[in-house]
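Undergrad: sequence and predicted model, in that order:
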Amino acid sequence: MAEMAIKKKRPKNLDLPTIRLPLPGILSILHRVSGAALFLLLPFLLWLFQNSLTSPESFASFRDVVGHPLIKIVLLGLIYFYMHHFCAGIRYLLLDVHKGVDLASARLSSKIVFAVSIVLTLIVGVKVLW
């Protein structure tokens, strides 16, 4: 009986656009993407931070750079990535101690992470960028 289950051909769906991930799966992928983006853009953030602290003239140039709408969008995206990565990290810490591992709780905590990270991004983005 066990051999029959092993030899059974299972359908394979490798058409990525048709695969529908549940919300916790999307959260997991976005957590990894946000971590990679934060790591890769860390030199840019450090450059901005260094330029803002060196002298009043460099702070003025920093303000000019950050005043560009494209840079504001990039920084808003970085703020979202940070907030998302932070909130999802707290969720994963709770999952590691076996809190909220059942399906309903996992879906609810995924929704909470998305909502909280968007709200925090709006609050910090408005306060910092405008």
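TA: Nice, I can see it.

Undergrad: burial of Val97, as a residue count?
TA: Residues lying near Val97 (other C-beta atoms under 10 Å) number 8. From N, CA and C alone the C-beta is placed, and that goes for glycine too.

Undergrad: separation between it and Arg91?
TA: Distance from Val97 to Arg91, counting by C-beta to C-beta, to the nearest Å: 11 Å.

Undergrad: give me the buried positions along stretch 105-117.
TA: Ala106, Ser109, Ser110, Val113, Phe114, Val116, Ser117 (16 or more other C-beta atoms under 10 Å).

Undergrad: what's the closest of these to Thr18?
TA: Ser110 (21.4 Å; C-beta to C-beta).

Undergrad: could you check how far stretch 15-35 is from the centre of its chain?
TA: Between the centre of stretch 15-35 and the centre of its chain there are 11 Å (C-alpha atoms, centre = their mean, to the nearest Å).

Undergrad: residues contacting it, please?
TA: Contact with stretch 15-35 is made by 13, 80-82, 84-85, 88-89, 91-92, 106-107, 109-111, 113-114, as judged by C-beta atoms under 8 Å, 6 or more residues apart in numbering.

Undergrad: make it 6 Å
TA: Phe81, His84, His85, Ala88, Ala106, Arg107, Ser110 (C-beta atoms under 6 Å, 6 or more residues apart in numbering).

Undergrad: got it, and stretch 62-82?
TA: Ser34, Ala37, Leu38, Asn51, Ser52, Thr121, Val124, Gly125, Leu129.

Undergrad: count of neighbours near the fourth one?
TA: Neighbour count of Asn51, defined by other C-beta under 10 Å: 18.

Undergrad: buried residues in the helix or strand that contains it, which are they?
TA: Using DSSP states H and E, Asn51 sits in helix 42-54. Applying a neighbour-count criterion of 16+ other C-beta under 10 Å, one finds Leu48, Asn51, Ser52 buried in helix 42-54.

Undergrad: packing partners for that helix?
TA: Contacts defined by 3 or more C-beta pairs under 6 Å, 6 or more residues apart in numbering; DSSP states H and E place helix 42-54 against helix 56-67.
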